[in-house]
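Asks: how would this look folded up:
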Amino acid sequence: MPFSLPYYRDACQLPGPLPDQNEIEQATRTLPKRSDYGGRLVVIRNTYVVKYGPLVTENEGYALLFVEEQLNIPVPQLYAMYRDRDTLYIVMEYIPGISLGTVWPSLTEADKDSIVRELRCIFNQMRALASPAFYGSVNQGPVPHKYFFSREKDTAVTGPFQTEEEFGKAIALRSRIMWSESNSHSFLSDYLARHLPSALRNHPPTFTHGDLYRENVFVKKALNSATNKEEYAVAALVDWETAGWYPSYWEYAHVFPLLQWIDDWPAYIEKIIDPLPLEGAMMRIVFSDMEF
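Replies: This next block holds a predicted model:
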């Protein structure tokens, strides 16, 4: 499924004229960012969201196109993606809503159950896609996650990978490189090299959002025709920058190290995607080594 830059959706499919560079730069309404990409996330005319910055990657745009083509789930449409000098611009559909993280404390159990059922259907669709013969991006490129970054573009670190064993070895190798760059040695890195590839196995490539946090789920109130009452519903799943083909444990195990265990959200995650506690525990070890 090859995509290339620059990408522009046909004008007849746009809700209005695309914003120009001046309108983007002068936009004052911003949205919160989960990751630091040295740029901004702005809303323009209540119609477009533009994500741009020197560290923004093309993968998010490609993932949105892939989802639109393959699935029927609520995500922003991609309207344009292009570079201006060294900065990537991703122009997306603006979907009104509020983050699930903001409203979660005020939700009733019925609201939570309803939203989680919707999310379960969304992730079931994603996980039902036919598994390809590689681990990597939707463009069959490198794994789009910082644990697989290599300045030298070393494919032993970046992928794409043909086997899960190669995937695990890459994490251990990236750990070793990170520590050597800081003139340090990590015995935990040695542990990962010895055991990670064999501890995490038998997980086929599975299409993965890769960032299942409440802040990336937008909800809105909608009228339930059966009850004639307004209830929260999922408006969109956003932030697809690390989406791709990962081992089937990744969706759960990647979020596991950051769970805070201060409310019922971890229990509800297990209703959205099947829990894999052993893989989650292993990824917590990875997290403690890679996030120093």
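Asks: and residue 89, that's in a strand?
Replies: Yes. Checked against DSSP: H, G, I helix; E, B strand; the rest coil, residue 89 lies within a strand.
Asks: quick check: bridge partners of it?
Replies: Counting by DSSP bridges, residue 89 is bridged to residue 52, residue 82.
Asks: report the contact partners of it.
Replies: Residues counted as contacts of residue 89 (C-beta atoms under 8 Å, 6 or more residues apart in numbering) are 24, 50, 51, 52, 56, 80, 81, 82, 83. To be clear about C-beta, it is placed using only N, CA and C from the backbone, and glycine gets the same treatment.
Asks: from what I can see residue 188 touches residue 289, true?
Replies: Yes. In terms of C-beta atoms under 8 Å, residue 188 counts as a neighbour of residue 289; the distance is 4.5 Å.
Asks: in TSV, list the contacts of residue 89 along with pLDDT and distance to residue 263.
Replies: TSV is the format used below for the contacts of residue 89 (pLDDT from 0 to 100; distance: C-beta to C-beta, whole Å):
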residue	pLDDT	distance to residue 263
24	96	37
50	97	33
51	96	29
52	95	34
56	93	32
80	98	39
81	97	37
82	96	41
83	94	41
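Asks: out of these, who's nearest residue 122?
Replies: residue 51 (21.3 Å; C-beta to C-beta).
Asks: who are the contact partners of the closest residue to that closest one other than its chain neighbours?
Replies: Leaving out its chain neighbours, the residue that sits closest to residue 51 by C-beta to C-beta, 6 or more residues apart in numbering is residue 90, at 4.6 Å. Applying C-beta under 8 Å, 6+ apart to residue 90 gives the contacts 50, 51, 52, 56, 60, 61, 78, 80, 81.
Asks: give me the common contacts of residue 188 and residue 289.
Replies: Here residue 188 and residue 289 have residue 175 as joint contacts, going by C-beta under 8 Å, 6+ apart.
Asks: more neighbours, these two?
Replies: residue 289 (21 against 15; other C-beta atoms under 10 Å).
Asks: can I assume the more buried one is in contact with residue 185?
Replies: No. Assessed by C-beta under 8 Å, residue 289 is found out of contact with residue 185, at 11.9 Å.
Asks: where's residue 90 relative to residue 177, distance?
Replies: For residue 90, the distance to residue 177 equals 29 Å [C-beta to C-beta, to the nearest Å].
Asks: can you classify residue 279 by secondary structure?
Replies: Secondary structure, three-state DSSP: residue 279 is helix.
Asks: tell me the helix or strand right after whatever helix or strand residue 49 lives in.
Replies: Assessed by DSSP states H and E, residue 49 sits inside strand 48-53. Once the chain leaves strand 48-53, the next helix or strand it forms, by DSSP H and E, is helix 59-70.
Asks: buried residues of that following helix, list them for me.
Replies: 59, 60, 61, 62, 63, 64, 65, 66, 67 (16 or more other C-beta atoms under 10 Å).
Asks: give me the residues contacting that helix.
Replies: Against helix 59-70 from outside (C-beta under 8 Å, 6+ apart): 1, 3, 7, 51, 73, 75-78, 81, 90, 92, 129, 137-139, 144, 239-244.
Asks: could you flag which of those residues are buried?
Replies: By neighbour count, with 16+ other C-beta under 10 Å, the contacts of helix 59-70 hold 7, 51, 73, 75-78, 81, 90, 92, 137-139, 144, 239-244 as buried.
Asks: the stretch 101-250 of the chain: helices as residue ranges?
Replies: All helices of the stretch 101-250 of the chain, identified by DSSP state H, counting those that start in this stretch, fall at 109-127, 155-158, 164-181, 187-199, 250-255.
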